[in-house]
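Trainee: make a model of this:
(2 chains)
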Amino acid sequence: MKAEIKLHLKAERYREALDLILAVRPGDDLALIDYAAAQLDKIPPALLAARAPTAKRLAILGGATAHFLVPLIRLFAARRGLNVTVYESDYGLFEQEIWSDSAALHEFAPDVIHFHVTSHNLPFAPFASAPAALVHEQAQRFGNLYRAAVDRFRCAVVTNNFETEGARPYGALDGTSPGTRNAMIRALNDALARALPAQVYVNDIEHLSAVCGKARWADARLWNETKTAVSFECQPFYADRLAAMLAALFGKSKKCLVLDLDNTLWGGVIGDDGLHGIRLGAGQPEGEAFHHFQAYVKALKERGVLLAVASKNEPENALAAFREHADMILKESDISCFVVNWDPKDGSMRQIAKVLNIGLDSLVFFDDNPVERQLVRQAVPEVTVIDVPEDPSLYVQALDDANLFDTVSVTEEDRERTAALQQNQAREVFEAQTSNYDDFLRQLQMRAFVEPITESNLARVTQLVNKTNQFNLTTRRMTEAEVRALVEDGAAYTATTRLDDRFGSNGLISVVMGRVSDGVLVIDNWLMSCRVLKRGVEAMEMERLLAFCRQRSVDRIVGRYLPTSKNKLVERHYADLGFTEIAGDGPGTTWHFNVAEQSLLRAHHIAVEGA
Amino acid sequence: MPGTRDKLQDIFRDLFDDDDIVLNDKTSAADVAGWDSLKNVKLIVQIEKAFKVRFGTGEVVNLKNVGELVAVIDRKLSASAG
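Mentor: Prediction:
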């Protein structure tokens, strides 16, 4: 990525370079973060201003050296739409700057003053016999300082609280005696939080240092050499948390979390596995993971974050989970907007933003499927897309680490936002519209490997035949022996498709089975895994069917749709492929295709390999 | 050790974002734009990572030029090899 940024800059492709720079995250390689942060200055100001439109002035007054943090803060603020100009005081002058009414600081006219203070700035001894007075004294010192900063410089203040230290000269007593240094630090944090002046906000580095690990947080050599209090390793996280607070201060926080359903809120695919087949709730490891994720999401909702659903499903299946599954923590009433259909999700994002009357840039998209994430990233770049890890046990952390929903305070109004919205509008299920979907499919670089059913794919084919409910024209279940019989049947047509794309392999995802008799190919079974819907696989399969027919001098293809409670999705399958409906006997609908007629085939973007 | 200075040169080029940097034994902080005491800290971290060595607190503060830096790295490398 570093090399790519470099190439773009060299060729003066600044827009592309900036896209990559702003894609860098706090968890990335340190060398990449440093590099990206340094390159921000090479981007033409107008271009940067377009991507980070809110220009703000940030004064960092250091109780420790903030030098290395400055570029990181600028980088991670830019990711959040803030273009930050920084004023940096010399190390240790954080109090002088305020009490002396620093002319330079007045001239800078900050929108925010950040006190980069740490427990190095506290004069507490390892132990005090009368700690309360000492704590009170420091609470006065810092409380007065923050108040003066707001009053004199007419700006907001974001300060740190103080981090307890890893070293414990009093050993286990550190946790119980009120006289130890760490006990005084804890008491001071509490005292300051209780009496926080207006316009003063606290960056909780006591929490962050614990999350990072106290042993990683500080680098003693770095402190001794440069008075830098936070290790290089942890600085990106510090910078990002501060950036998140600045974003909250200036109204850049996200307002709505858009969730996928299958394998995001529960394990499995509800349309295939059924209401009681999905994995959710206590008793099974994966079910526990989804339970904890839902609990976290519920907490977000309760503090005022709007929830929406963007899922490819039949609406009644999706709603059944919310209404009937006992282990769902999230209820229908928690969701402000449901968009459940089979259309590309960029359209769903636009629908949700429109219905909730918020900007696309207020949406955060959480979906286990990397292809959906890529589509949304590409088609609606305003939406923030979470890099969802594969393991659902890591979902909470992935969302929490992103620090996207910071608010400077939570009001009753926030807590009741979802209810208020629901009074204003009935939830609906929306039809989305596509935009540049063709381009997206082309860029997916899909490759299909098509081959007949063989001994080696027999097991997977049988599994798919017996598991697939939604994209399944006849829902004809078969034993492995029955499938094997087809392999040896000279009149049978079988085709299996494995689909790969730039994100990896989707595995064997589709099966078509038929049999030729009297010059007619009758399709008995046509099914596909829902994860590759709307990729054009069926159009590609239709081409293969026609090629087979021409080779075998078969004139007609006949297909059948047998409706079930789950396969409404493919009701129009044959119509979409150019078949015409004919009268047939028995239930369902019967469809006919004349091979000799030059009918217009549906285009697709899949390169085909294989037999 | 052969190659130490070349490897160091790559680190310099990367860190100071300048592919034209050419190091010789006499190269000092005055010769490289941006090589100040704070950048020096980052430089040391990069060297530690690339050569898998560790410098003690204050160990590099008094080094005068690249030649001395190379000598210290080589000494550490042969100590850890022995």
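
Trainee: next helix or strand past the particular helix or strand that has A:Ala31 in it?
Mentor: Here A:Ala31 sits within helix A:30-39, counting by DSSP states H and E. As assigned by DSSP H and E, the chain's next helix or strand after helix A:30-39 is helix A:45-51.

Trainee: got the buried residues for that next one?
Mentor: A:Leu48, A:Arg51 (16 or more other Cβ atoms under 10 Å in any protein chain shown). Backbone N, C-alpha and C define where each C-beta goes, glycine included.

Trainee: packing partners for that helix?
Mentor: helix A:14-21 (3 or more Cβ pairs under 8 Å, 6 or more residues apart in numbering or on different chains; DSSP states H and E).

Trainee: elements contacting the helix it packs on?
Mentor: Where contact means 3+ Cβ pairs under 8 Å, 6+ apart, helix A:14-21 is packed against helix A:2-10, helix A:30-39, helix A:45-51.

Trainee: burial count for A:Ala37?
Mentor: When neighbours are defined as other Cβ atoms under 10 Å in any protein chain shown, A:Ala37 has 23 of them.

Trainee: circling back to that earlier point, among the helices and strands packed on helix A:14-21, which comes closest to A:Asn525?
Mentor: Of all these, helix A:2-10 sits nearest to A:Asn525, with 45.8 Å by Cβ to Cβ.

Trainee: so how far is that closest one from its chain's centroid?
Mentor: Helix A:2-10 has its C-alpha centroid displaced from the chain centroid by 26 Å (Cα atoms, centre = their mean, to the nearest Å).

Trainee: got it, and stretch A:267-287?
Mentor: Chain-centre distance of stretch A:267-287: 21 Å, with Cα atoms, centre = their mean.

Trainee: most proximal residue of the stretch 501-611 of chain A with respect to chain B?
Mentor: When scored by Cβ to the nearest Cβ, the stretch 501-611 of chain A has A:Arg502 as its residue closest to chain B, at 29.1 Å.

Trainee: so what's that residue closest to, chain neighbours aside?
Mentor: A:Gln445 (4.7 Å; Cβ to Cβ, 6 or more residues apart in numbering or on different chains).

Trainee: pretty sure the one you found contacts A:Leu499?
Mentor: No: between A:Gln445 and A:Leu499 there is no contact under Cβ atoms under 8 Å: 11.2 Å.

Trainee: more crowded one of those two?
Mentor: Neighbour count, other Cβ under 10 Å: between A:Gln445 and A:Leu499, A:Leu499 has more, with 25 against 13.

Trainee: near chain A, which residues of chain B?
Mentor: Residues of chain B lying near chain A by Cβ under 8 Å from any Cβ of the partner chain: B:Asp14, B:Asp17, B:Ser37, B:Leu38, B:Val41, B:Lys42, B:Val45, B:Gln46, B:Gly56, B:Thr57, B:Gly58, B:Val61.

Trainee: from these, which land in helices?
Mentor: Mapping those onto helices (DSSP state H) picks out B:Asp14, B:Ser37, B:Leu38, B:Val41, B:Lys42, B:Val45, B:Gln46.

Trainee: which members of those residues are the farthest-apart pair?
Mentor: Longest span within those, Cβ to Cβ: B:Asp14 and B:Ser37, 19.4 Å.

Trainee: if any of the ones in helices among the residues of chain B next to chain A are buried, put those into a ChimeraX selection.
Mentor: The following ChimeraX line selects those of those that are buried, judged by 16+ other Cβ under 10 Å:
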select /B:14,41,42,45,46
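
Trainee: what does stretch A:291-300 contact?
Mentor: With contact meaning Cβ atoms under 8 Å, 6 or more residues apart in numbering or on different chains, stretch A:291-300 is reached by A:257, A:259, A:265, A:280-282, A:307, A:327-330, A:334, A:392-393, A:395-396, A:399-400, A:405.

Trainee: of those residues, buried ones?
Mentor: Neighbour-count burial (16+ other Cβ under 10 Å) is assigned, among the contacts of stretch A:291-300, to A:257, A:259, A:265, A:280-281, A:307, A:327-330, A:334, A:392, A:395-396, A:399, A:405.

Trainee: pLDDT-wise, what's the bottom of those residues?
Mentor: Minimum pLDDT for the buried ones among the contacts of stretch A:291-300 is recorded at A:Gly281 (89).

Trainee: tell me the SS of that one?
Mentor: Under DSSP: H, G, I helix; E, B strand; the rest coil, A:Gly281 falls in the coil class.

Trainee: wait, doesn't it sit right on A:Ala326?
Mentor: Yes: the pair A:Gly281 / A:Ala326 is scored as a contact, 7.5 Å apart, by Cβ under 8 Å.

Trainee: what separation do you get for the closest residue to A:Ser102 other than its chain neighbours and chain B?
Mentor: Closest residue in space to A:Ser102, ignoring its immediate chain neighbours: A:Gln96 at 7.4 Å, by Cβ to Cβ, 6+ apart. Note on A:Gln96: its distance to chain B, by Cβ to the nearest Cβ, to the nearest Å, is 21 Å.

Trainee: and for A:Gln96, the neighbour number?
Mentor: Neighbourhood size, A:Gln96 [other Cβ under 10 Å]: 12.

Trainee: secondary structure element for it?
Mentor: Using DSSP H and E, A:Gln96 sits in helix A:94-99.

Trainee: and if you look at A:Val396?
Mentor: helix A:395-401.

Trainee: against A:Val211, how distant is the closest residue to A:Leu360 other than its chain neighbours?
Mentor: In this structure, A:Leu360 finds its nearest non-sequential neighbour in A:Glu382, 3.9 Å apart by Cβ to Cβ, 6+ apart. As judged by Cβ to Cβ, to the nearest Å, A:Glu382 and A:Val211 stand 29 Å apart.

Trainee: how about the longest helix seen in chain A: buried residues?
Mentor: What stands out as the longest helix in chain A, according to DSSP H, is helix A:131-153. The neighbour-count check on helix A:131-153 (16+ other Cβ under 10 Å) flags A:131, A:134-135, A:138-139, A:142-143, A:145-150, A:153 as buried.

Trainee: name the nearest residue to whatever residue of the stretch 151-300 of chain A ends up closest to chain B, sequence neighbours excluded.
Mentor: Closest residue of the stretch 151-300 of chain A to chain B, Cβ to the nearest Cβ: A:Arg221 (4.8 Å). Nearest residue to A:Arg221, sequence neighbours excluded (Cβ to Cβ, 6+ apart): B:Thr57, at 4.8 Å.

Trainee: what's the answer for A:Pro197, then?
Mentor: That would be A:Arg147: by Cβ to Cβ, 6+ apart, it lies 4.2 Å from A:Pro197.

Trainee: same thing with B:Ser28?
Mentor: With sequence-adjacent residues excluded and distances taken as Cβ to Cβ, 6+ apart, B:Ser28 is closest to B:Asn65, at 4.4 Å.

Trainee: run a quick neighbour tally on residue 76.
Mentor: Picked chain A for this. Counted with other Cβ under 10 Å, A:Phe76 comes out at 29.

Trainee: I was after chain B.
Mentor: 18.

Trainee: likewise A:Glu482?
Mentor: 12.

Trainee: what's near enough to touch residue 78?
Mentor: You didn't say which chain, so I picked chain A. So A:Ala78 contacts A:Leu22, A:Leu40, A:Leu48, A:Arg51, A:Ala52, A:Val84 (Cβ under 8 Å, 6+ apart).

Trainee: please refer instead to chain B.
Mentor: B:Ser78 neighbours (Cβ under 8 Å, 6+ apart): B:Met1.
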